[in-house]
Every structure is written in structure tokens, then in C-alpha cells.
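Student: This is a predicted model, with the sequence first.
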Amino acid sequence: MKILTQLLFAAAMTLAGFLLFQVQPVMAKFILPWFGGSATTWTVCMLFFQLALLLGYAYVYAVSLPLTIRQQAIAQIVILAVAALFLPITPSESFKPLDADYPTWRILLLLAACVGVPYAVLSTTSPLLQRWLAQTNPDMLTSRFFALSNLGSFLGLLSYPFLFERIWSSPEQTLYWSWSFIGFALLVGCGALVILRHPATRKEAPPLARTQHARARMQPGLWIFYSALGSVLLLATTNQITQWTAVVPFLWILPLSLYLLTFILAFGHQSLYDRFWFCAAFSVLLTLTVALSTPHSPASLLMQVSLQSLTMFAGCMICHGEMVRLQPPAHQLPRFYLAVSVGGALGGVLVTFIAPLLFRDYFEHQLSLALTGVVGFSLTIGSSKGLRRKLAYGFALVLATGLAHAADLVLAGEGAVVDRIRNFYGVVKVIRDRGEDPRMASLTMVQAGIPQGSQFLAADKRQQPYCAFLPHSGIGRTLANVKKRRQAGADAPLRIGSVGLGVGVLAALGKPGDDIRVYEINPAVTELTNRHFTFVRDSKANVEVLHGDGRILLERELQAGKPQAYDVIVVDAFRGASPPLHLMTAEAFDIYLKHLAPDGVLAINFEIDTFDMAPLHRGLAHRSGLQAGWFETPDEGDDCDDTVSWALYTKDQGFLTAPEMAAGLSPWRDGKDTRLVWTDADANLMSIISWDKVLHAAD
């Protein structure tokens with residue numbers, strides 16, 4: 001009977017862990033397009049789930065003191081029934097934001113309404129059931145069940161991008177999860193019935209020896225500290241990774257899975273944690289990470305993501321290994337798990353709310369790495385002797401060298417920063433480039449390490465468009481030739497829609513009478529553009545800027561019966577080194593086309609060598625019944641980045657064959673004719689990585 005009870009409880013805790021962590025990418029991916037594909041969406045989701053976890057652990061701690069396990073079992077059955085009333089967890093369309101204001105609080109309220117109660121109930125499972133087992137079988141090492149719960153969480157995360165994300169759409173995933181919660185509730189209900197039949201008598205906790213009092217008072221603070229530091233490492237590393245690339249579940253799940261793996265190893269296999277070797281690995285990995293620059297190729301991208309994730313793993317292993325060394329006996333586990341959850345939530349609050357107030361850039365990442373190294377090597381040097389102690393000093397020197405190099409890079413970059421704003425959508429900087437020739441001095445807007453547009457400072461060059469917006473670029477040719485082909489004549493004004501403002505250089509191409517309507521999600525971009533760049537205010541066209549996610553705003557206009565009939569729609573909203581996936585799906589194209597005039601042109605500005613977009617451009621064009629052409633940016637000077645070019649889509653059969661357009665048409669970079677179509681249910685960043693370039697770089 002004891003074995004069956006243990007199996008029942010093990011199954012309940014494993015399934016609870018599975019559902020606890022699988023719902024995080026499920027909900028985050030569901031709402032990600034509603035908040036502009038911002039990397040911070042995942043951070044805020046993580047904060048919510050950490051707070052809900054804290055609520056669950058606090059409940060267990062509260063009921064474990066006054067209630068017998070029979071009373072706890074009855075209470076658990078009741079709250080499971082209440083949680084079932086909140087199913088399914090599918091978010092309503094009414095939660096979509098109307099503007100770009102207060103996204104953090106909107107996400108927190110949305111998640112609280114949709115999944116808050118079921119998640120909080122799930123989070124009570126592991127500490128509560130361990131408590132029940134400890135009182136029915138005092139000789140059992142119940143902490144191993146915590147490792148089992150984390151194994152379920154680990155499997156829940158890893159199965160999502162490779163299985164569930166590929167099989168079901170986001171709404172279907174929420175329904176599948178809701179039915180799985182019912183199965184979980186039945187398992188726990190059966191466990192509660194077992195407890196009701198076999199109540200355990202309450203046992204007083206053994207008194208602490210006098211020599212242990214000081215240590216006992218210190219332990220809760222150390223539990224919270226180590227848990228908070230690990231949480232900050234996780235969230236700061238995830239922010240660092242996703243600001244380079246795309247905000248996709250795989251890049252959320254990779255660091256989170258490694259984070260959970262440290263819990264599994266620390267709690268389930270405590271002998272595997274060796275303070276010296278993990279500190280040594282941490283110092284070497286951190287130094288290698290700092291030595292690499294911001295990734296600009298597939299190989300460097302994969303290398304940086306791998307090194308950042310492994311560095312975080314080593315750091316979190318130090319935090320959680322030291323935390324488990326201070327683990328109390330079974331009768332104090334609710335207190336211990338409550339402290340662990342307090343630390344996790346505190347780390348989330350620090351990264352989500354406190355760091356943006358203290359730091360104007362993502363400096364919390366470097367600081368958390370430095371603090372982990374200092375703590376780890378302080379303990380290592382203090383506990384090592386002989387050769388190990390000497391080696392520890394050597395690895396500490398390696399770590400100090402890596403941190404010094406990181407600080408030097410930060411300080412070197414700060415000198416050129418003219419202005420900067422950090423908000424929910426990231427860090428946007430304005431950088432001054434003086435250049436060797438004073439007439440070439442310019443200001444550049446940078447986000448996630450990628451230039452978002454530039455303007456010369458010389459008075460006679462300020463309205464001169466740059467690089468991708470030159471007259472012979474894809475968009476320059478498009479605007480000129482759309483006017484020529486219109487029946488109203490070449491002097492007729494154009495209606496232009498733009499998803500993304502940048503520094504407003506598109507406005508410099510506007511002619512008198514033209515209407516340019518810009519959809520910009522990040523208010524910081526608009527503020528810095530108005531403050532430092534003159535393209536918009538000096539434009540000859542009428543320019544209007546609306547704040548909010550471009551796709552959602554365009555969708556709302558259709559729902560209101562206001563298709564805009566744009567002659568040209570420009571999609572120039574790519575943050576960092578990859579596209580926001582929700583702007584490049586079949587459903588997004590359906591929205592664009594409903595706003596486009598019959599002979600209009602959809603112009604998409606994006607091409608970074610890290611990814612191979614050609615199959616996606618061809619696939620979306622074929623699926624939407626469009627002609628598509630690729631236009632390389634003309635090479636007219638060293639200041640132009642020839643990797644930023646245009647894909648043009650149109651239903652006008654003669655547009656791309658017109659002499660002016662055909663002269664600038666370029667062959668697709670991959671030299672193939674394969675096609676790829678992303679949908680809202682299936683958009684995978686891995687599908688556009690140029691693996692040939694990765695393998696070539698590896699050779």
C-alpha cells in the first residue's frame with residue numbers, strides 16, 4: 001500500500017510540475033503578438049508565475065501550521081474544485097490592448113484572470129504532498145520528490161517547442177492544458193482520499209541545539225538570497241539572448257530548462273555538486289562569453305546563445321547547490337520552499353521593476369554574473385586547501401579578467417551615447433558617430449545592438465536619406481514607380497502606411513500631399529526621433545504616428561470597417577537581428593492585403609546574414625497570390641550596410657517588370673526556389689537559420 005501511495009503522489013507531483021512549466025510558454029506565446037513581440041513579455045510572464053508560485057507556497061506554509069493533514073486534504077479538494085471553475089484558460093480577444101500604455105500591468109492582470117487560480121493551486125502540490133508523505137512516513141527522504149517535480153517541469157518545457165507547439169495551435173494548447181489540469185485534480189483528489197483514510201499524528205519539531213540557533217536564524221535569509229540570485233541570472237540571461245535574436249518559445253525554454261536542471265541535480269543528486277569545479281567552469285565560460293562580440297552570423301549567434309546559457313547553468317548550479325546544502329529537515333520543508341519561492345519572486349521583481357529604474361541599460365546581467373562569481377569563489381577559497389586553493393585563486397583571476405573586459409566594453413560604448421530610454425520594449429539609444437570627415441558626422445538610433453536608422457548632422461545633408469532609403473533602393477524605386485503607374489497621374493498624392501517608425505527616414509521620401517500613417521509600438525522610439533531627428537518634422541508629406549502594435553492597429557481598423565487603401569505598406573519594424581514573427585505570418589499578410597490598394601505594393605525591409613529569409617518571402621508571396629522581388633541596397637558608400645535590403649510584393653503583374661524596377665531586381669540570395677510559410681500557429685525561427693553558413697563557419 002505504501003508503494004502505491006508513493007506512486008500516486010509521485011505521479012501527481014510529476015504532472016503538476018509538467019503543467020506548471022508548460023503553461024508558461026503556452027500563455028506567453030499566446031499573448032506575445034498582442035504586446036508587439038517584446039522580449040519583456042516573457043520576463044513579465046515569468047514574474048507572474050513566480051508570484052503565483054509564492055502564493056501557493058505561502059498557502060502551504062499557512063495551512064501546515066494550524067491544520068491536521070486530514071483538514072489539509074479536505075481543504076485541497078475544495079480548492080481544486082474552485083480552480084476547475086476557471087477553466088479553460090484561453091485568453092479572450094477582449095484582452096488585446098488598444099494602445100501601447102502600461103503593458104506590464106496589463107499582462108499581469110490578463111494572466112491573473114485567465115490562469116492565476118489554477119496555477120496557484122498547482123504550485124501547492126509539491127510542498128503539500130511532501131508534507132503529507134513526511135507525516136505518514138517520517139523515515140522517507142521527501143526532498144527527492146521535489147527533484148521529481150522538477151523533472152516533470154523539465155519535460156514539460158522541452159516537449160513544448162519540439163512536440164506541442166508543432167502539433168497544436170495556441171488556442172488548442174490552452175484547451176489541452178485545461179483538460180490535463182482536470183486529470184491532475186483527480187490524482188490529487190485520490191491522494192487526499194488516501195490521507196483521509198490514514199491520518200498521521202502531528203509531531204513536534206525537534207528542538208535546535210543552542211549552537212545551531214545562530215545558523216538557523218541565518219538560513220532563511222541565505223535561502224532567499226541564493227534563490228533570488230539564480231532567478232536574476234535566469235531572467236537577465238534570457239533578456240540578453242532574446243534581444244539579439246527573436247522572442248520565440250525555444251529561446252525562452254532553453255535557459256529555463258537548464259535552470260530547472262540545476263534544481264533537479266541539486267535536490268536529487270546532491271553529490272554531483274562540487275563547489276570548486278562549478279566555480280571554475282563558471283569563470284571560464286563567462287570569460288569566453290565576454291570575448292565574443294554581438295552575434296552577426298549564424299555561427300556566432302549559436303555560439304553566443306550556447307555560451308550564455310551554459311554560463312547561466314554553472315551560475316545557477318552554484319546558487320542552488322549552496323542553497324540545498326542549507327536544506328532543513330522534513331518538518332521545516334514548507335518554510336524552506338516558501339523562502340525559495342520568495343527568492344524567485346524577488347529576482348523577478350528586481351529584473352522587471354527595479355532594474356529598469358536603476359539602470360538605463362541591461363546592466364543587471366553583468367552585475368548578477370559578477371555577484372555570482374564573488375559569492376562562489378569566496379566560499380571556494382574559504383573551504384579549499386592546498387592545490388585546490390591555489391587553483392581557485394587562479395580561476396578567480398580568470399573571472400576577474402573576464403569581468404574587467406566586460407566593464408571596459410560597456411564603458412567604451414557609453415562615450416558615444418547621446419540619449420537613451422529603457423522601457424518595456426527594450427533599450428533604445430541614440431549614438432553620435434563623428435567620423436573622420438566632419439561632414440559625415442551622424443546620429444544613429446540603436447536597439448538591441450542593431451542600427452534602426454541614421455541622419456547626417458550637416459545642415460545640407462540632414463534630409464538626405466541613407467542606405468536602404470536611397471532613391472535607387474527598393475523603397476525609393478517603389479514610391480517613384482507607383483506614382484508613374486497610377487491612372488490619376490504622377491502628381492497624385494500617395495497613401496503610405498508604415499509598421500515601424502525608426503528615425504522617420506521614410507518621411508523624407510514623402511512628397512507634398514502624400515499621407516504617411518505610421519504604426520509604432522514603442523513610445524521611446526517616437527520620443528527620441530522627435531528629440532534628435534528631423535525627418536518627420538521637415539517632411540513635405542502629412543505624417544501621423546499612432547502608438548500600438550502595427551498588426552493589432554491594422555486589424556482594429558478593419559474591424560471598424562476602415563480599410564486604408566494604401567498605395568504602399570512598409571514593414572520596417574524588425575528589432576535586433578530577427579523579425580517579430582507575428583508580422584511575417586500568413587495571417588499578418590491577410591491583414592496587410594486588406595489595407596492595400598489593388599495595385600499597391602507591400603515593401604518589407606529586412607535581411608540579416610544570421611537568417612535566410614528568401615524561402616519565407618517566396619512562400620508567403622505564393623500563398624497570398626502575389627508577385628515578389630528582391631532588391632539589394634545599392635552600394636553607394638562605406639556607410640551603407642549592403643545586408644539591409646527590400647522584398648517587394650504586389651498583385652500588379654507589370655510592376656516588377658517595368659524597366660525602372662527590373663533594373664534594380666536582384667537574384668534571391670539562397671539561389672533556390674524553396675518556399676516556406678509561417679502561420680500564427682507555426683512560426684519557427686529555426687526554419688530560417690542559414691545552416692549552410694553555420695556549417696561553413698564551423699569548418
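Tutor: Perfect, I can see it now. Numbers count the residues shown, from 1 in each chain.

Student: pLDDT weak spots in the stretch 151-300 of the chain?
Tutor: For the stretch 151-300 of the chain, the stretches flagged by pLDDT under 70 are 198-218, 244-248, 292-300.

Student: If you rank every helix and strand of this structure by mean pLDDT, what lands last?
Tutor: Lowest on mean pLDDT, DSSP states H and E among the helices and strands of the chain sits helix 691-698, with a mean of 51.

Student: the strands in the protein, which residues?
Tutor: For the chain, the strands defined by DSSP state E cover 417-423, 426-433, 442-447, 450-456, 495-499, 515-520, 542-547, 566-571, 596-605, 627-631, 646-650.

Student: For those strands, which has the smallest mean pLDDT value?
Tutor: For the strands of the chain, mean pLDDT drops lowest on strand 450-456, to a mean of 84.

Student: Extract the C-alpha trace of stretch 598-614 and format it as CSV.
Tutor: The C-alpha coordinates for stretch 598-614 follow below in CSV (Å, rounded to 0.1, in the frame of the first residue of the first chain):
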residue,chain,number,x,y,z
PRO,A,598,-5.5,46.6,-55.7
ASP,A,599,-2.3,47.7,-57.5
GLY,A,600,-0.5,48.6,-54.2
VAL,A,601,2.9,47.3,-53.0
LEU,A,602,3.9,45.7,-49.8
ALA,A,603,7.6,46.5,-49.0
ILE,A,604,9.4,44.6,-46.3
ASN,A,605,12.8,45.9,-45.1
PHE,A,606,14.8,43.1,-43.6
GLU,A,607,17.8,40.9,-44.3
ILE,A,608,20.5,40.0,-41.8
ASP,A,609,23.0,37.3,-42.6
THR,A,610,22.1,35.4,-39.5
PHE,A,611,18.9,34.2,-41.2
ASP,A,612,17.8,33.1,-44.6
MET,A,613,14.5,34.9,-45.3
ALA,A,614,14.3,34.1,-49.0
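
Student: okay, now the nearest residue to residue 318 once chain neighbours are set aside: neighbour count?
Tutor: Closest residue to residue 318 apart from its sequence neighbours, by CB to CB, 6 or more residues apart in numbering: residue 376 at 4.5 Å. C-beta here means a position set from N, CA and C on the backbone, and glycine is covered the same way. Counted with other CB atoms under 10 Å, residues neighbouring residue 376 total 28.

Student: picking that back up, mind checking which of the strands of the chain is nearest residue 352?
Tutor: When the strands of the chain are compared by CB to CB, strand 417-423 sits nearest residue 352, at 12.0 Å.

Student: could you give the angle of the closest one to strand 426-433?
Tutor: 170 degrees (axes from the mean of the first three to the mean of the last three CA atoms, to 10 degrees).

Student: Strand 417-423 packs against which elements?
Tutor: Where contact means 3 or more CB pairs under 8 Å, 6 or more residues apart in numbering; DSSP states H and E, strand 417-423 is packed against strand 426-433, helix 523-532.

Student: quick one: residue 393 and residue 381 touch, right?
Tutor: Yes. When contacts are counted by CB atoms under 8 Å, residue 393 is listed as touching residue 381 (6.7 Å).

Student: of these two, who's got more company?
Tutor: Taking other CB under 10 Å, residue 393 and residue 381 do not tie; residue 381 has more neighbours (17 against 13).

Student: Chain neighbours aside, what residue packs nearest to the more buried one?
Tutor: Using CB to CB, 6+ apart, the closest residue to residue 381 is residue 392 (5.0 Å).

Student: isn't that neighbour right up against residue 379?
Tutor: No. Applying CB under 8 Å as the test, residue 392 and residue 379 come out as separate, 9.8 Å apart.

Student: re earlier: would you mind putting the strands of the chain into a markdown table with mean neighbour count and distance to residue 287 alongside?
Tutor: As requested, the strands of the chain are exported to a markdown table (neighbours: other CB atoms under 10 Å; distance: least, CB to CB, whole Å):
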| stretch | mean neighbour count | distance to residue 287 |
| --- | --- | --- |
| strand 417-423 | 16 | 26 |
| strand 426-433 | 20 | 25 |
| strand 442-447 | 20 | 26 |
| strand 450-456 | 21 | 25 |
| strand 495-499 | 24 | 41 |
| strand 515-520 | 23 | 39 |
| strand 542-547 | 16 | 42 |
| strand 566-571 | 25 | 40 |
| strand 596-605 | 22 | 37 |
| strand 627-631 | 20 | 41 |
| strand 646-650 | 25 | 40 |
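
Student: Alright, calling it a day.
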